[in-house]
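[1] Can you look at this prediction? I've put the sequence above it.
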Amino acid sequence: MVSVEDYGNFDTAWCPGCGDFGILKALKRALADMDKSPDEMLLVSGIGQSGKLPHYLKCNFFNGLHGRTLPPATAAKISNHELTVMAVAGDGDCYGEGGNHLIHAIRRNPDITVLVHDNQIYGLTKGQASPTTQPGMKTKINKEGVFNRQLNPLALAISQDCSFVARSFAGDIEHLSEMIKKAVEHRGLSLLDILQPCVTFNHLNTFKWYSERVYKLDENEYPLNDRVKAFEKSLEWGERIPIGVFYVNDRPVFEESLDVLSSGPLIRNKVKTDSVNELIDGFM
Amino acid sequence: MKVDLTIKIGGAAGQGLDTIGSVLSSTLMKCGFFVFTTQFYLSRIRGGHNTFQIRISDEAIKAMDEKVDILIALDRASIENHLDEMSDGVVIVDRDTVKLDDDFDSLFHVPLLKIAKDTGGNKLYANSVAVGAAMGLLCLDFDVLSNVLSSIFERKGQEIIDNNIKAAKAGYDYARDNYPQGCKFDIQQPEKHSNKMLIAGNESVGLGALAAGLHFLSAYPMTPSTGVMNYIAGKAGKFDLVVEQAEDEIAALNMAIGASFTGARSMVTTSGGGFCLMVEALGLAGITETPVVIFQAQRPGPATGLPTMTEQGDLLFAIHAAQGEFPRCVFAPGTPEDCFYMTANAFNIAEKYQIPVIVMSDQYLADSMFTCERFDASKVSVERHLLSDEEIKDMQEEYARYRFTSSGISPRALPGQAGVLVGADSDEHDEFGHIDETQENRIKMVHKRMNKLELLRNEMPAPETYGSDDAELTLIGWGSTYGPLVEAVDILREEGHSANLVHFTHIHPLPAEKIKEMLGKPGMKVCVENNRTGQFARLLMVETGIEMVDNVLRYDGLPFTPQFIVDSIKQKEVL
Ligand SMILES: Cc1ncc(C[n+]2csc(CCOP(=O)(O)OP(=O)(O)O)c2C)c(N)n1
Ligand code: SF4
């Protein structure tokens, strides 16, 4: 049995009170509940406060570039699909710098889980607007308040038929760890947008602000594969903010379209020297 | 050389130059000639003016020639643009379809369209008629052409094969019967050479990667590198590998790095503009010490530049690309053999030193077809430098991905192997891959990484010399200019000059001591490069202190010909 302790205990560089602690805690609990051992897990992250999360867990990790979380995560899964691959990103990382990769990862549909620490702000670079920042919010750069429309990641993902779309809240560890489990267990690309208070730079979307607004989706409200209903639900934001699973489909998974993976992980395939020599003969 | 002829096919994109060119070149090769082909094409799918040029000889040839003996003119522009390249040659032209105001002695009317309709049933067979006519003018054995057509159209069925052969034979007979002086080019078919192949640089790179056991290729299409991606993708099923067309070059290299981190032999293919987008990920490979092979086919820049032409303008960029300092390796193959064996070896170097390896080609090498010795995949060794499961079991201490060692190379395990956890980080990190910003750690990590560069430098071979060691004039070149340079040296020596060539394929890190030994002797040195600023000459100067007396530079989008080099040397009055 895998326990939470197996995932270790580390000092962090996060501000006291940051929502990231809740995410870390929920993640450890989910992994232990699922009996996932650290050596079968690969966490891939980008750069940001969120991107540091894999450093605070005992497991395989690849901490790459800002915005580039999904391409290495996707390819890591292709080359060894026996690993459980999770991508950890911030809203700047996944929706800003890496927005293009998100769209295309949804199209590809690899069996990976994407956790987005959505604090509606850039944490690591000290408080600039992110794609999910509420319009009107003033920052050091947006002196008159943010003009750009807020990106709706759930609506975007559902509109593109993402395989699993959910939202949770870093202040509700139980809900969050349940959502992480569902996301990991789902086959296909799972996007889990996590409302994460940044206590240092986002004074609008605080724990209190979220707590007053979030409510859990009723599982029987609509069939989870109803894309139109899910889309409608994803537009709800303001006085009430739904959390839970919004949308699920069973689209074919990218790795399964690759026949070569049926016999085992790609990395175990050996050179076919004789066949290369045959190809060479074709040029004679 | 008893035979040295050039056949040029000119026409608009979409007219089938490629088909005529490849059928003709493989036929000529099967007749026993050494064949060298080059293509000139514009960045458009239809129209414009393109050429396919085939040079044949009974002796080894390594470059294109400037004079043309047979011109197959599919349009008027072919005659307008290339008539002055011919001295005593023949222009095959269908005057029914190509309207010409003037008459020239060299024009030889072959009613391609009419013959095609009469024999094959429609105009599609005109290209086979043209190939037949060229073979007729050369008075070569028709059966060889007939066999080539059979194998090329094998998949399309017997009827198509028969129609093509019929059309080609009619073209062949027409030339034999109607060309005024009979056999214009009375050439002997040489002895058949047994172990030769006809292949382009791009296909050779593809074969090299397959021979090395490539697992994963991600790329975004960009001329002139796309051929490699296409070639490998066509073989993916048979070779148990995955080819993924990434959403952009940023994703492509980040993917290849992710795949490699988990253990796949990974590669990306691109050209200059795409490589620009990969630069940040190049640094990621550097600091995470993740092996990866980057195939970079150069074309003239900056930005989109001349998309279908050639240049060696990205050398210093490739060596310096990305912020910070980290080890990398740069290869520049000069021939298809180099493309094959060096690409395969690039994977070994990448994995041995856990670094990115860049293989630099260019449009000229990518698209030209060369006659060369048969490659042998059995000569390629696959050296993975990975910890085995047993070695891991016997490990005394906890595994650290970036373990400090005397060489700087840390034993490499893969995520998913039982008993180890593998962590990689783009931030400066400690031995376990965790962020560590202390000065002490930084210095140790920089030493560890840069130490690998010095080890690699010792392994890099000295350049190859062509001609005697103590020539008065040494031409220096790198990469794809090898062929034209060898022939330029031949021409100079035939003219009585004392000249040789020192040619570089291993560009970075340069084995400076070995080079100083070779080039430190007195004698004039001239560096010949396909760029404006003499990038390699500058690199040599910085790394070895060796100075050129002059440079021969070409940057009009075209490759060097041997004659161009010889003429430029003479103009410089260094002889
Ligand atoms: C290419 C590049 N551009 C900019 C940065 C600087 N940078 C680091 S983190 C970050 C944004 C972080 O925001 P987010 O992804 O939302 O993560 P958070 O810190 O809020 O968790 C930026 C702009 C970088 N590291 N790389
Ligand atoms: S800056 Fe914000 S997101 Fe970053 S650690 Fe502090 S509270 Fe968390």
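    Great, that's in hand. Numbering: from 1, shown residues only, chains lettered A, B, ... in the order given. Ligands and ions are numbered 1, 2, ... in the order given.
[2] in the helix or strand A:A105 falls within, what counts as buried?
    A:A105 belongs to helix A:99-108 when assigned by DSSP states H and E. If you call a residue buried by 16 or more other C-beta atoms under 10 Å in any protein chain shown, then helix A:99-108 has these buried ones: A:G99, A:H101, A:L102, A:H104, A:A105, A:I106, A:R108. To be clear about C-beta, it is placed using only N, CA and C from the backbone, and glycine gets the same treatment.
[3] which ones are touching A:P54?
    If a contact means C-beta atoms under 8 Å, 6 or more residues apart in numbering or on different chains, then A:P54 has A:L43, A:V44, A:S45, A:F61, A:F62, A:N63, A:V88, B:G423 as its contacts.
[4] Next: B:A130.
    Residues near B:A130 by C-beta under 8 Å, 6+ apart: B:I9, B:I20, B:I72, B:L74, B:I92, B:V110, B:L112, B:G171.
[5] Next step: the residues you listed restricted to helices.
    B:I20, B:L112, B:G171 (DSSP state H).
[6] Out of those, who's the most crowded?
    B:G171 (31 neighbours; other C-beta atoms under 10 Å in any protein chain shown).
[7] Give me the pLDDT for the nearest residue to that one once chain neighbours are set aside.
    Beyond its immediate neighbours in the sequence, the residue positioned closest to B:G171 (C-beta to C-beta, 6 or more residues apart in numbering or on different chains) is B:G132, lying 3.0 Å away. You'll see B:G132 listed with a pLDDT of 97.
[8] Quick check, B:G132 in contact with B:R176.
    No: the criterion here is C-beta atoms under 8 Å, and B:G132 misses it with B:R176 at 9.8 Å.
[9] Which of the two has more residues huddled nearby?
    B:G132 (34 against 17).
[10] got a pLDDT number for residue 152?
    You didn't pick a chain, so chain A it is. On the pLDDT scale, A:N152 is placed at 98.
[11] my bad, chain B
    With respect to pLDDT, B:I152 has a value of 91.
[12] Look up the closest residue to it, ignoring the ones flanking it.
    If you skip the residues right next to it in sequence, B:I152 has B:V23 as its closest partner in space, 6.3 Å away by C-beta to C-beta, 6+ apart.
[13] For ligand 1, give me its nearest residue in the stretch 251-400 of chain B.
    Evaluated by C-beta to the nearest ligand atom, the stretch 251-400 of chain B has B:E280 as its residue closest to ligand 1, separated by 6.4 Å.
[14] just the ones in helices among the contacts of B:A130 now: which is nearest chain A?
    When these are compared for distance to chain A (C-beta to the nearest C-beta), B:I20 wins out at 19.1 Å.
[15] Show me what counts as buried in the host helix or strand of B:I476.
    Following DSSP H and E, one finds B:I476 within strand B:473-478. For strand B:473-478, a neighbour-count test (16+ other C-beta under 10 Å) marks B:L473, B:T474, B:L475, B:I476, B:G477, B:W478 as buried.
[16] Give me the contact list for the strand or helix carrying B:V268.
    Using DSSP H and E, B:V268 sits within strand B:266-271. Here strand B:266-271 makes contact (C-beta under 8 Å, 6+ apart) with A:75, A:79, B:205, B:209, B:214-220, B:222-226, B:228-229, B:249, B:252-253, B:256-257, B:259-260, B:278, B:291-299, B:347.
[17] The next helix or strand after it vs chain A: in contact?
    Beyond strand B:266-271 on the C-terminal side, the first helix or strand identified by DSSP H and E is helix B:272-288. Yes: counting by C-beta under 8 Å from any C-beta of the partner chain, chain A has neighbours in helix B:272-288: B:E280, B:A281, B:L284, B:T288.
[18] got a winner among the residues you listed for most neighbours?
    For these, counting by other C-beta under 10 Å, the largest number of neighbours falls to B:A281: 31 neighbours.
[19] Check the spacing between the closest residue to ligand 2 within the stretch 301-450 of chain B and B:N50 real quick.
    Here the stretch 301-450 of chain B gets closest to ligand 2 at one residue, B:I435, 13.9 Å apart by C-beta to the nearest ligand atom. Here the distance between B:I435 and B:N50 works out to 54 Å (C-beta to C-beta, to the nearest Å).
[20] Which residues of the stretch 1-150 of chain A lie near chain B?
    When proximity is defined as C-beta under 8 Å from any C-beta, the stretch 1-150 of chain A approaches chain B at A:13, A:38-40, A:42, A:44, A:47, A:52, A:54-55, A:58-65, A:68, A:70-76, A:78-80, A:82-83, A:100-101, A:103-104.
[21] Weed out the non-buried ones from these.
    Using 16+ other C-beta under 10 Å as the threshold, A:38-40, A:42, A:44, A:47, A:52, A:54-55, A:58-65, A:68, A:70-76, A:78-80, A:83, A:101, A:104 are the buried ones among the residues of the stretch 1-150 of chain A next to chain B.
[22] ok, which of the residues you listed also contact ligand 2?
    Among these, no residue lies close to ligand 2 (C-beta under 6 Å from any ligand atom).
[23] for chain B, what are the low-confidence residue spans?
    Residues of chain B that meet the criterion pLDDT under 70 are absent altogether.
[24] can you count the residues close to A:V228?
    Residues near A:V228, counting by other C-beta under 10 Å, number 9.
[25] With B:K67 instead?
    In terms of burial, B:K67 registers 16 neighbours under the definition other C-beta under 10 Å.
[26] Just say helix, strand or coil for residue 243.
    No chain was given, so I picked chain A. When the structure is reduced to helix, strand and coil (DSSP: H, G, I helix; E, B strand; the rest coil), A:I243 reads as strand.
[27] other chain: chain B
    Remark: B:V243 carries the secondary structure label strand [criterion: three-state DSSP].
[28] Would you reformat the residues of helix B:272-288 next to chain A as CSV and include distance to ligand 2?
    As requested, the residues of helix B:272-288 next to chain A are arranged in CSV below (distance: C-beta to the nearest ligand atom, whole Å):
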residue, distance to ligand 2
B:E280, 23
B:A281, 25
B:L284, 23
B:T288, 23
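[29] Kindly reformat those residues as TSV containing distance to B:F560.
    What follows is the residues of helix B:272-288 next to chain A, written out as TSV (distance: C-beta to C-beta, whole Å):
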residue	distance to B:F560
B:E280	34
B:A281	33
B:L284	36
B:T288	39
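[30] what's the most distant pair in these?
    Pairwise distances across the residues of helix B:272-288 next to chain A (C-beta to C-beta) peak at 12.3 Å, for the pair B:E280 and B:T288.
[31] Give the full set of residues in contact with the nearest residue to B:D94 once chain neighbours are set aside.
    Of all residues not flanking B:D94 in the chain, B:L112 sits nearest, at 4.1 Å (C-beta to C-beta, 6+ apart). Taking C-beta under 8 Å, 6+ apart as the contact definition, B:L112 lies against B:D94, B:T97, B:A126, B:V129, B:A130, B:A133, B:G171.
[32] Let me know how buried B:L198 is, in neighbour terms.
    Close neighbours of B:L198, defined as other C-beta under 10 Å, add up to 22.
[33] Check the secondary structure at B:T37 for me.
    Taking three-state DSSP as the rule, one finds B:T37 in the strand state.
[34] Report the separation between it and B:I72.
    Separation of B:T37 from B:I72 (C-beta to C-beta): 13 Å.
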